[in-house]
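Chemist: After the sequence you'll find the predicted model.
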Amino acid sequence: MKVVLQRVQRAKVQIVEDGTEHEIGRGIVLLCAICKNDSERELKWVAEKSVNLRIFEDKDGKMNLSVVDIKGEILAISNFTVAGSTRKGRRPSFDKAEVPGKAQKMFDRFIEYLRSYKLPVKTGKFGAKMLVEIVNDGPVTLIIEKNP
């Protein structure tokens, strides 16, 4: 599994086909790719790592607090292109991305793991065209990757 995590002041996703919008305030945005051979172990590990990374500032201005500590919000977006490789040629390869049917089930399971931390978690729509607005705070952007 591979995730691009961004610390945000606010973020919003709009599903193009029906105009549905989901917004969060202060928290994290996760752009998530399920990869071939991912298992429950990877999903659980990435969820735990995402919510417990100390990337928010404490009263002394040090990155010492997690999204759990600040009682922030999470916006998780399925994004198979995060699994893309640009090592060869000019066209990205998505060979490492899981097939859609299996990836959707695993992404839904990942969301369950995130929700187990009792924070507000919002999502886009798997496989849909979406418009994502992110007000990156910092900017703080990290890549979280767990290979089986």
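Modeler: Okay, I see it.

Chemist: switch to C-alpha atoms for all contacts and neighbour counts from now on
Modeler: Will do.

Chemist: any chance you could map the strands in the chain?
Modeler: Using DSSP state E, the strands of the chain run over residues 2-15, 21-24, 27-33, 56-57, 63-65, 73-78, 121-123, 130-145.

Chemist: Next, name the residue at the spatial heart of the chain.
Modeler: Closest residue to the average C-alpha location of the chain: Leu30 at 1.7 Å, with CA atoms, centre = their mean.

Chemist: From Lys125, how far out is that one?
Modeler: Going from Leu30 to Lys125 by CA to CA, to the nearest Å gives 14 Å.

Chemist: what residues are shared contacts of the two?
Modeler: Ile77 (CA atoms under 8 Å, 6 or more residues apart in numbering).

Chemist: Summarise which helices and strands the longest helix that the chain contains is packed against.
Modeler: If you go by DSSP state H, the chain has its longest helix at helix 100-115. Helices and strands touching helix 100-115, as assessed by 3 or more CA pairs under 8 Å, 6 or more residues apart in numbering; DSSP states H and E, comprise helix 40-52, strand 121-123.

Chemist: Can you add mean neighbour count and mean pLDDT and give the ones you listed back as TSV?
Modeler: Below are the helices and strands packed on helix 100-115 laid out as TSV (neighbours: other CA atoms under 10 Å; pLDDT from 0 to 100):
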stretch	mean neighbour count	mean pLDDT
helix 40-52	18	97
strand 121-123	20	98
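
Chemist: Ok, which of the ones you listed comes nearest Pro139?
Modeler: Closest approach to Pro139 among those is made by helix 40-52 (16.5 Å; CA to CA).
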